[in-house]
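Chemist: Show me the folded form of this:
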Amino acid sequence: MIATIHKGLTPEKWNSQPMEKRILNIVSELTRAKGCFLDQRPDHLKLSLERVLELMDLTTDVWRQERSFGWRKEFLRLRGAVSHFYAEEDTRTLSELNNFLNAFLDMEPACHNLHLEI
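Modeler: Residues are numbered from 1 along each chain as shown. Purely as a prediction, here's the structure:
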């Protein structure tokens with residue numbers, strides 16, 4: 001996959017980072033999305049969610065040997081939920097965004113142990 005939003009970010013470059021850093025980058029984009037949601041800026045929310053999905057796609061490109069099947073299955077399930085949130089503009093809730101943020105942080109013990117305020 002070639003990143004179209006994050007110019008210059010190759011799968012190799014992205015996947016050379018520790019998984020904790022990748023997860024925190026995704027959480028950072030989701031936090032931006034939450035801000036756009038709260039500020040009622042739907043165009044910016046859509047762009048932020050596109051960045052989230054691109055980073056998730058980059059993560060899935062090369063992960064087969066570094067993560068268990070169960071981890072990958074949960075990551076893909078979460079990607080599906082984010083995709084649904086992206087597509088269903090009329091039914092989006094703040095609770096869903098908070099659930100995504102918590103789910104991503106819970107995927108990696110090092111991220112979970114940061115006890116970030118969401």
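Chemist: tell me the contacts of the spatially closest residue to L38 that is not a sequence neighbour?
Modeler: Distances taken as CB to CB, 6 or more residues apart in numbering place L94 nearest to L38, at 7.2 Å, with adjacent residues excluded. No exception for glycine: its C-beta is placed from N, CA and C like everyone else's. By CB atoms under 8 Å, 6 or more residues apart in numbering, the residues touching L94 are 34, 37-38.
Chemist: got any ranges where this protein has weak pLDDT?
Modeler: The model of the chain has pLDDT under 70 over residues 1-7, 62-67, 116, 118.
Chemist: Helices of that one, residue ranges please.
Modeler: Applying DSSP state H to the chain gives helices spanning 11-15, 19-38, 42-61, 69-87, 94-107, 109-112.
Chemist: Taking their axis directions, the second one and helix 42-61 sit at what angle?
Modeler: In other words, helix 19-38. Angle of helix 19-38 versus helix 42-61, following axes from the mean of the first three to the mean of the last three CA atoms, to 10 degrees, is 160 degrees.
Chemist: Of the contacts of L94, which is the most crowded?
Modeler: F37 (20 neighbours; other CB atoms under 10 Å).
Chemist: Leaving out chain neighbours, which residue sits closest to it?
Modeler: L45 (5.4 Å).
Chemist: again, but for R79
Modeler: With CB to CB, 6+ apart as the criterion, R79 has its nearest non-adjacent residue at 4.9 Å, and that residue is M56.
Chemist: just checking, the one you found touches S83?
Modeler: No. Using CB atoms under 8 Å, M56 makes no contact with S83, being 9.1 Å away.
Chemist: Between those two, point out the one with more neighbours.
Modeler: Neighbours per residue (other CB under 10 Å) separate M56 from S83, with M56 holding more: 20 against 14.
Chemist: Contacts only, for the more buried one.
Modeler: Shown here is M56, whose contacts under the criterion CB under 8 Å, 6+ apart are 26, 75, 78-79, 82.
Chemist: ok, T31 - contacts?
Modeler: When contacts are counted by CB under 8 Å, 6+ apart, T31 is found next to L101.
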